[in-house]
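Chemist: give the three-dimensional model of this entry:
(one chain, ligands or ions: 3)
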Amino acid sequence: MSKIMAINAGSSSLKFQLLNMPEEEVLTKGLVERIGLDNPQLTIEVEGEKKKETFSIPDHEAAVKKLLDSLTANGIIQSLDEIDGIGHRVVHGGEKFSDSVLINEEVLAGIEEVSELAPLHNPANIVGIRAFKEVLPEVPAVAVFDTAFHQTMEKEKYLYSIPYDYYEKYGIRKYGFHGTSHKYVSERAAELLDKPAEDLKLISCHIGNGASITAIDGGKSVDTSMGFTPLAGVTMGTRSGNIDPALIPYLMEKTGKEAGEIVNILNKESGMLGLSGFSSDLRDIEEKAGNGDEQAQTALNIFTTRIHKYIGTYAASMNGVDAVIFTAGVGENSDKVREKVLKGFEFLGLYFDESKNNVRGQEAFLTTEESPVKALIIPTNEEVMLARDTVRLSS
Ligand SMILES: Nc1ncnc2c1ncn2[C@@H]1O[C@H](COP(=O)(O)OP(=O)(O)O)[C@@H](O)[C@H]1O
Ligand SMILES: CC(=O)OP(=O)(O)O
Ligand SMILES: [Mg+2]
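Modeler: Residues are numbered from 1 along each chain as shown. Ligands and ions are numbered 1, 2, ... in the order given. Next comes the predicted model:
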């Protein structure tokens, strides 16, 4: 038996879960928010209750120290020696990493090398890894990459139609993200459908703040909506998803902004936030649309239409589909989004059952008993995947 810490480090936050393995029992979970900002806060679950603490947390190393102190202070563990391994989510692994790896200096250098491909995510992941290494230098740490699951895509799917040289020289290709989540829900879907993964064609919709749709044939990712970076694909909370690339120089000329500033707008001020003009949070937009706000309704329609289109595309590219999966914050919680995405797929053999759709955050089927193609909700669990790979690679 071992205790594994699963870490998902963001630029100003650090989400964590401590698990007992191989039982996969969650001992505690929580997050440190507003690292380096005013009013930083640690939230930790103690005996099922959420406990909030405010401290000075200037950087990630301080956040890690605070988190570890709070594990012993709250009696979750008696001593830090009880931690047997740390699993870190790393968003971009480039072509270098097609599986999780035990972290050493060479691996860290490899992660740093591809950092510029995921500027919003990788630098924070690296800071998280270094912070833990500083505090727990002897404990094995494993990197689990969002991109790894998608390394099975074929060239026809991952190459862009641009000069081939750029792929060879600069590694320009589609990588895909959220792989850990797509892998978890696809494995769970095979269990729920009671069929081997090898016999299934699945379309997984990870719809959170970031969102991506993945086609999974025979247990392998064959195509996915995100691209070279996590900016591509469907409309997201603050990201534009696919746009005509010619818009970038045009916007530069019109606004006098640099390319980097425009990409920043596409990453942080677009998507549902940009379209609605007031929020990136789907709950706010659903509420406003419900009150008759036309702009909010249009934003919502764009959001669901894009996902609907991807499902059609991937069903066509796999020559069929057995099940469509919804996961992550929006996918698990928004019945309205699921309904709008799934309606109209009778031509594919997917018969949506409205009476089953009133559920949140739990595994459920959304189609009629007779529906040849199923739709289901599967809450994602990236943390358990981090812990499983940490055990696999460190024991
Ligand atoms: N009850 C709900 N109804 C609709 N959307 C929800 C609900 N709960 C959460 N969400 C959406 O989930 C999003 C966050 O998803 P999550 O998977 O946690 O994202 P991330 O991991 O990228 O931070 C929020 O932006 C919010 O819009
Ligand atoms: C890769 C990615 O988009 O991750 P997140 O949804 O956590 O921002
Ligand atoms: Mg997420």
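Chemist: ok, the residue in the stretch 201-350 of the chain positioned nearest to ligand 2 - how many residues close by?
Modeler: With Cβ to the nearest ligand atom as the measure, the residue in the stretch 201-350 of the chain that lies nearest ligand 2 is residue 210; the distance is 2.3 Å. Glycine gets a C-beta too; all of them are placed from N, C-alpha and C. Around residue 210 there are 24 other residues, counting by other Cβ atoms under 10 Å.
Chemist: ok, it - contacts?
Modeler: Residues in contact with residue 210 (Cβ atoms under 8 Å, 6 or more residues apart in numbering) are 177-178, 230, 236-237, 239.
Chemist: which bits of the stretch 151-300 of the chain sit near ligand 1?
Modeler: Residues of the stretch 151-300 of the chain found near ligand 1, taking Cβ under 6 Å from any ligand atom as the criterion, are 208-210, 237, 281-283.
Chemist: residue contacts, the residue lying closest to residue 140 once chain neighbours are set aside?
Modeler: Distances taken as Cβ to Cβ, 6 or more residues apart in numbering place residue 394 nearest to residue 140, at 3.8 Å, with adjacent residues excluded. When contacts are counted by Cβ under 8 Å, 6+ apart, residue 394 touches 84-85, 102, 140, 142.
Chemist: among those residues, which pair sits farthest apart?
Modeler: For these, with distances taken as Cβ to Cβ, the pair at the greatest spread is 84 and 102 (13.2 Å).
Chemist: for these two, indicate the residue with more neighbours.
Modeler: With neighbours defined as other Cβ under 10 Å, residue 84 and residue 102 compare such that residue 84 has more, 17 against 14.
Chemist: quick check, pLDDT for the residue nearest to residue 140.
Modeler: In this prediction, residue 394 carries a pLDDT score of 92.
Chemist: for it, give its distance to residue 9.
Modeler: Counting by Cβ to Cβ, to the nearest Å, the gap from residue 394 to residue 9 is 19 Å.
Chemist: need the helices for the protein, in chain order.
Modeler: With DSSP state H, the ranges of helices along the chain come out as 60-73, 105-113, 122-135, 155-158, 164-170, 179-193, 247-255, 259-268, 271-276, 282-290, 294-317, 328-333, 335-342, 382-394.
Chemist: turn the ones you listed into JSON lines, including distance to residue 21.
Modeler: Listed next are the helices of the chain as JSON lines, based on distance: least, Cβ to Cβ, whole Å:
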{"stretch": "helix 60-73", "distance to residue 21": "16"}
{"stretch": "helix 105-113", "distance to residue 21": "22"}
{"stretch": "helix 122-135", "distance to residue 21": "17"}
{"stretch": "helix 155-158", "distance to residue 21": "33"}
{"stretch": "helix 164-170", "distance to residue 21": "39"}
{"stretch": "helix 179-193", "distance to residue 21": "15"}
{"stretch": "helix 247-255", "distance to residue 21": "46"}
{"stretch": "helix 259-268", "distance to residue 21": "35"}
{"stretch": "helix 271-276", "distance to residue 21": "36"}
{"stretch": "helix 282-290", "distance to residue 21": "33"}
{"stretch": "helix 294-317", "distance to residue 21": "34"}
{"stretch": "helix 328-333", "distance to residue 21": "24"}
{"stretch": "helix 335-342", "distance to residue 21": "32"}
{"stretch": "helix 382-394", "distance to residue 21": "5"}
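Chemist: before we move on, back to that, what do residue 84 and residue 102 both touch?
Modeler: Common contacts of residue 84 and residue 102 (Cβ under 8 Å, 6+ apart): 140, 394.
Chemist: pLDDT wise, what is the residue most central in space within the chain at?
Modeler: Averaging the C-alpha coordinates of the chain gives a centre point, and the residue nearest to it by Cα atoms, centre = their mean is residue 178 (3.9 Å). pLDDT for residue 178: 96.
Chemist: quick one: the strands in the stretch 1-150 of the chain, in order.
Modeler: 2-9, 14-21, 25-33, 41-46, 49-54, 83-90, 101-102, 141-145 (DSSP state E, counting those that start in this stretch).
Chemist: now, of the ones you listed, which is deepest in the fold?
Modeler: strand 141-145 (a mean of 28; mean count of other Cβ atoms under 10 Å).
Chemist: ok, residues contacting that strand?
Modeler: Counting by Cβ under 8 Å, 6+ apart, strand 141-145 makes contact with 85-93, 97, 100-103, 107, 111, 125, 129, 132-133, 179-180, 385-386, 389-390, 393-394, all of which sit outside it.
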